[in-house]
Every structure is written in C-alpha cells, then in structure tokens.
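Peer 1: Kindly return the folded structure for what I paste below:
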Amino acid sequence: MRQNPTMPMLHRLDSSRLVFTARRLAVAMLLTLVVAACGNKEAPYVERPVEDLYNNAMNAMAAQEWEAAAKGFDEVERQHPYSVWANKAQLMAAYSYYQKNMYSEAISAADRFIQLHPGSKETPYAYYLTAVCYYEQITDVGRDQKITQQALGALEEVVRRYPNSEYARDARLKIDLTRDHLAGKEMTIGRYYLRNNQQIAAINRFKTVIEKFQTTTHVPEALHRLAEAYMSLGILDEAQNVAAVLGYNYPGSEWYVDTYTLVTGQEVPTASSEKKSWWNIF
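Peer 2: Residues are numbered from 1 along each chain as shown. Presented below is the predicted three-dimensional model:
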C-alpha cells in the first residue's frame with residue numbers, strides 16, 4: 001500500500017532576492033555558442049537563474065509530473081550548488097523521485113541531503129523517506145528478503161535517532177510488520193525442510209523465529225512445527241518441553257490443540273480445571 005509520506009515544506013523563489021551579474025549571463029551565452037559550434041548533439045548547458053529552475057520544478061510537481069520535477073530540482077543543485085535553495089532542492093528531488101517510484105534515486109538524494117546537512121531540521125524526514133522507500137519494496141516471502149532487512153535497519157535508525165518524532169511513531173508500526181514478514185520467510189523455509197525430512201535444518205529455522213522474532217504472529221506455529229520435528233526424530237523429551245511452552249503461552253490457539261494431540265495422542269481435555277493443568281503430565 002502506498003505510504004505517501006508528508007511532503008516536505010514547499011517554497012517558491014522571489015527573483016528580487018537574488019542578483020545575477022551580467023558577466024555570469026555573458027559567460028553562459030558564450031558557453032552555449034561554443035557547444036553549438038562543436039556540433040554536440042546533446043542539449044547545451046545553459047546556466048539559468050536559480051529562481052527559474054526552482055519554480056519550474058515546483059510547477060512540474062504541482063502538475064504531478066514527478067520525474068520532470070525531480071530532474072528540475074537536481075538541476076538547481078547542479079547549477080547553483082552553494083545556494084540555500086540547493087539544500088531544499090535535494091529533499092524535494094528525493095520526494096519527487098519517491099512519488100515516481102524511482103526508489104534508488106530517491107534514496108540517493110535523501111542520503112546526499114543527510115550527509116551534507118546532518119543537523120538540519122529536515123534531516124529526520126530524509127531518514128524517514130529513505131526507510132519508506134525500502135519498506136515499499138518489500139517482496140513476498142517466497143523471494144529474497146535483502147530489501148526487507150534494509151527496510152528494518154532504516155526504520156530502526158529513525159526510531160534510534162528521533163525516538164520522540166512523528167516519524168518514529170509510524171516507523172515502530174512498520175518495524176513490527178517488517179519483523180513479522182522476516183519471520184514469515186523463516187517459516188516458509190522451515191516448512192520446506194520439514195516436508196523434505198530435513199529436520200535439523202527445519203529445527204534451526206523454527207528456533208530462529210522463536211528466539212529472534214518472539215513478538216510476531218508466527219511463534220505459535222513455530223513452536224508446533226518444532227515439536228513436530230522433534231517427534232519425527234524420536235526426541236520425545238524435547239517435543240514435550242516445546243509443547244509445554246506452547247500450552248503455557250498460547251493455550252487458546254489452534255496450534256495448542258494440534259500440538260497436544262501430536263505429543264499425547266489424545267484430544268485436549270474439555271474441563272476447565274483439566275485444561276489449566278494438563279501440561280503437568282510432562
């Protein structure tokens with residue numbers, strides 16, 4: 001689902017605030033003539049006033065022409081790197097690239113802003129935008145999860161650096177979802193090993209879910225599958241220990257019922273008094 005983080009502050013430029021000398025314009029015209037004379041097929045470089053470049057990029061953004069806007073803001077930084085508006089253009093370019101789903105370019109622009117302006121009041125947004133770019137690229141659990149790991153790291157960085165910010169609140173929610181996704185990947189691999197009678201490999205995957213992703217929704221099934229793997233290896237004591245943990249922590253889950261039947265060969269007792277103490281048989 002598209003996250004659409006809040007757009008950074010927008011600014012238009014007032015040409016009266018900036019003064020460009022005739023000499024600079026003359027140099028720009030001379031460069032244009034030289035390039036044209038050389039027969040270069042590419043569009044000639046023409047230096048333009050910063051207010052024109054910035055406002056044209058703003059107009060493209062207003063028209064939701066995101067790639068054109070991003071390239072316009074990039075041009076502001078390229079032609080006028082020491083202007084105060086170049087700083088703003090970096091972040092606006094990152095946002096525009098994000099809107100166009102050009103995530104690599106958005107991350108690059110945001111990272112550049114962070115490196116050049118670590119103390120800016122807009123830097124938390126740059127960190128957050130980077131994290132969202134990774135987050136929106138998360139793929140299903142059947143594929144490689146490198147991007148998911150990058151998303152988790154970026155989201156945790158937002159929380160670590162700016163724990164009380166509005167971005168941290170949203171990042172915490174996304175962290176939970178990202179961790180659940182990574183646990184789901186481990187479960188998918190573990191089930192595959194279990195189906196193919198590779199119990200040791202399966203056990204390692206299920207243990208990873210239980211130990212590293214213990215707050216996710218996959219833990220009850222991981223405990224059940226772990227007990228199942230131990231039972232298939234004939235290690236009854238370990239299966240019973242895992243079953244006891246599952247019964248204590250998730251007594252109302254479907255995995256509780258299945259594990260009880262798997263380990264004891266009986267159905268779960270129905271009497272409430274028995275349900276509270278049945279694991280004592282181990």
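Peer 1: can you give me the helices for this protein?
Peer 2: Assigned by DSSP state H, the helices in the chain fall at 22-37, 50-62, 66-79, 84-99, 103-116, 123-135, 146-161, 166-195, 199-212, 219-233, 236-249, 254-264, 272-277.
Peer 1: Out of those helices, which gets nearest to residue 5?
Peer 2: Closest to residue 5 of the helices of the chain is helix 123-135 (Cβ to Cβ; 5.4 Å). For every residue, glycine as well, the C-beta is placed using N, CA and C.
Peer 1: With only the CA atoms kept, save stretch 133-140 in CSV.
Peer 2: Below are the C-alpha coordinates for stretch 133-140, written out as CSV (Å, rounded to 0.1, in the frame of the first residue of the first chain):
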residue,chain,number,x,y,z
CYS,A,133,11.5,3.7,0.1
TYR,A,134,12.9,0.4,1.3
TYR,A,135,9.7,-0.6,3.0
GLU,A,136,7.6,-0.2,-0.1
GLN,A,137,9.9,-2.5,-2.0
ILE,A,138,9.4,-5.5,0.3
THR,A,139,8.5,-8.5,-1.7
ASP,A,140,6.6,-11.7,-0.8
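Peer 1: Tell me how many other residues crowd residue 120.
Peer 2: Counted with other Cβ atoms under 10 Å, residues neighbouring residue 120 total 15.
Peer 1: That one reaches residue 87, doesn't it?
Peer 2: Yes - with contact defined as Cβ atoms under 8 Å, residue 120 reaches residue 87; the gap is 7.4 Å.
Peer 1: hey, what's in contact with both of the two?
Peer 2: Jointly contacting residue 120 and residue 87 under the rule Cβ atoms under 8 Å, 6 or more residues apart in numbering are residue 113.
Peer 1: tell me the contacts of residue 150?
Peer 2: Residue 150 makes contacts with residue 134, as judged by Cβ under 8 Å, 6+ apart.
Peer 1: Just to confirm, what confidence does the model report for it?
Peer 2: Reading off the confidence values, residue 150 has pLDDT 97.
Peer 1: Please apply the same query to residue 224.
Peer 2: Residue 224 is assigned a pLDDT of 96 by the prediction.
Peer 1: Pull up the gap between it and residue 100, please.
Peer 2: Separation of residue 224 from residue 100 (Cβ to Cβ, to the nearest Å) stands at 44 Å.
Peer 1: Please say which of those two ends up with more neighbours.
Peer 2: Applying other Cβ under 10 Å to residue 224 and residue 100 shows that residue 224 carries more neighbours, namely 24 against 17.
Peer 1: In space, what's closest to that one - neighbours in sequence excluded?
Peer 2: Spatial nearest neighbour of residue 224, excluding adjacent residues (Cβ to Cβ, 6 or more residues apart in numbering): residue 255 at 4.1 Å.
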